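>>> I'll drop the sequence and a predicted model, then ask my questions.
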Amino acid sequence: MWIYQILVSLFSSLSPLFALVNSKLRKQLQGQRNSLKQLPNFTKKGKLVWIHVASLGEYEQALPIINTIKKRQTEAQIALSFFSPSGYEYAAKKAPVEFVFYLPWDTKSKANKVVQWLKPDITIFVKYELWPNYLNELKKFGCPTYLVAARFYKEQWLFKYRLGKQLLESFNQILCQDESSISVTHSFYPKLPVNYCGDTRFDRVAQIALENKSLDGIESFIAGRRCVVFGSSWKEEHELLSQSLREFDDSKVCFIVAPHKVDAITTQKTIATFSEPVNRYTLSEFRSDRRVLILDTVGLLSTVYRYADLAFIGGGFKTGLHNVPEAAVYGIPVLIGPNYHQFPEVVQMIKAGGVIAINQSSDLDIYIQTLAKQARALQSQGEANRKFIEQNLGASDKVYQEISKFL
């Protein structure tokens, strides 16, 4: 533990130097400074739930919990903290909470100040957020703490060092996404308070699907054609699609490509991958005589999946597969790359028949051709995904049941 204290203090001191050459860290530091100025002015009224997430993905997991608390405890306040600038910048103006802030570095002094300023009645950390000094200060303050949507596997550092056990023992309750995480944790620490709650992402994608939003430009581009959406895709997947398009000339199918990273360089590289003219969303190019639309913006992908007849989720040709349920909720087949085994829900969805892992462009060709000529043949895969999502709803309700005793 003393090694951690030295390292976090050292990095906290040196981070302004690193920020000179790292724009993301620079944003984070400025945000942390602003939060340290704003936190003393926060006024607690009634019960306060503090929820901490790392970034945007964890925020999406927390949002169903936030909505459930707001629905059932209308007087409760929620303070939401982020570690990453990308998550903070996205949620700061739209999160349905009373206060949004950057989490200052996990030093003893800063952790003590944040806890004393907030005075939370309950604190929730999402997924992998384990901060020793904050957990220690919350324990001293007498605030119940929960780790929700947690996922564990045998190779994690948590199970190799004493600090890992100390951190996990700090929580009043650990609520896991899957049963295998419980088995792994109990195989190392049999007495830890670990239970199953499920994955709140399923609740989140179901909420988005119910919103039934429409996008006029997307509808103009599709113009009655079958649509394949490449979501959060990487260079490898763009090259895969480009290769398939050279052999596929059916005008009844169009493609929407949403790169995992949205910036000028990535967008230009994506466009250059294709040997044909493409549309760009930010330029309001929705020509239906073109086959490809580049979704070069953020915040729309979950809605765009609504228009898909087939989806390809990116990251599976690397090691970071993106959000498969986000597309599967619409009852469509989902293709992914071969690296998915570290995602238990995806393994289950493959077994259920709705998600298909492919290795090369010829595999993609088969599904595109099937979509163009025999779309009904893919309905069973889509229905398998719809059923899987429905069967896994309710995680946010389970989390609420656990924390409601303190509200």
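Received the coordinates, thanks. Numbering: from 1, shown residues only.
>>> is it true that Ile65 touches Ile51?
Yes: when contacts are counted by Cβ atoms under 8 Å, Ile65 is listed as touching Ile51 (7.1 Å). C-betas here are computed from N, CA, C, even on glycine.
>>> list residues touching both of the two?
Ile124 (Cβ atoms under 8 Å, 6 or more residues apart in numbering).
>>> Going along the chain, name the helices of the stretch 301-407 of the chain.
Applying DSSP state H, counting those that start in this stretch to the stretch 301-407 of the chain gives helices spanning 301-304, 325-328, 344-352, 361-373, 379-391, 395-403.
>>> Quick check: nearest residue in space to Ala76, chain neighbours excluded?
Excluding the flanking residues, the one nearest Ala76 by Cβ to Cβ, 6 or more residues apart in numbering is Lys47, at 4.7 Å.
>>> count of residues packed around that neighbour?
As a burial measure, Lys47 scores 16 neighbours (other Cβ atoms under 10 Å).
>>> quick one, phi psi at it?
Main-chain torsions, Lys47, degrees, to the nearest 10: phi -80, psi 140.
>>> got the contact list for it?
So Lys47 contacts 73, 75-77, 121-122, 406-407 (Cβ under 8 Å, 6+ apart).
>>> Recalculate using a threshold of 6 Å.
By Cβ atoms under 6 Å, 6 or more residues apart in numbering, the residues touching Lys47 are 76, 121, 407.
>>> how about the residues you listed in TSV, adding neighbour count and distance to Phe152?
Shown next, in TSV, are the contacts of Lys47 (neighbours: other Cβ atoms under 10 Å; distance: Cβ to Cβ, whole Å):
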residue	neighbour count	distance to Phe152
Ala76	17	29
Asp121	19	27
Leu407	16	27
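>>> Can you lay out these as a markdown table showing distance to Glu236 and pLDDT?
Shown next, in a markdown table, are the contacts of Lys47 (distance: Cβ to Cβ, whole Å; pLDDT from 0 to 100):
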| residue | distance to Glu236 | pLDDT |
| --- | --- | --- |
| Ala76 | 45 | 94 |
| Asp121 | 47 | 97 |
| Leu407 | 46 | 85 |
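>>> Can you pull up the most central residue in this protein?
Geometric centre of the chain, nearest residue: Gly57, 2.2 Å, by Cα atoms, centre = their mean.
>>> Please report how far Phe83 lies from Gln32.
In this view, Phe83 and Gln32 are 9 Å apart by Cβ to Cβ, to the nearest Å.
>>> correction: Ile313
Distance from Ile313 to Gln32, counting by Cβ to Cβ: 33 Å.
>>> Mind checking which of those two has more residues around it?
The neighbour comparison of Ile313 against Gln32 (other Cβ under 10 Å) goes to Ile313, with 27 against 19.
>>> For that one, which residues are in contact?
Ile313 touches 231, 322, 324, 334, 336, counting by Cβ under 6 Å, 6+ apart.
>>> State the helix or strand in which the residue nearest to the centre of the chain lies.
Taking DSSP states H and E as the definition, one finds Gly57 inside helix 56-72.
>>> so that helix versus helix 395-403, what angle?
Going by axes from the mean of the first three to the mean of the last three Cα atoms, to 10 degrees, helix 56-72 is angled at 60 degrees with respect to helix 395-403.
>>> still on that earlier bit, tell me which of the helices of the stretch 301-407 of the chain is the most buried.
For those, ranked by mean neighbour count under the definition mean count of other Cβ atoms under 10 Å, the leader is helix 325-328 at a mean of 26.
>>> Output the contacting helices and strands for that one.
Helix 325-328 sits against helix 200-211, with contacts defined as 3 or more Cβ pairs under 6 Å, 6 or more residues apart in numbering; DSSP states H and E.
>>> could you give the mean pLDDT of the helix it packs on?
When pLDDT is averaged over helix 200-211, the result is 93.
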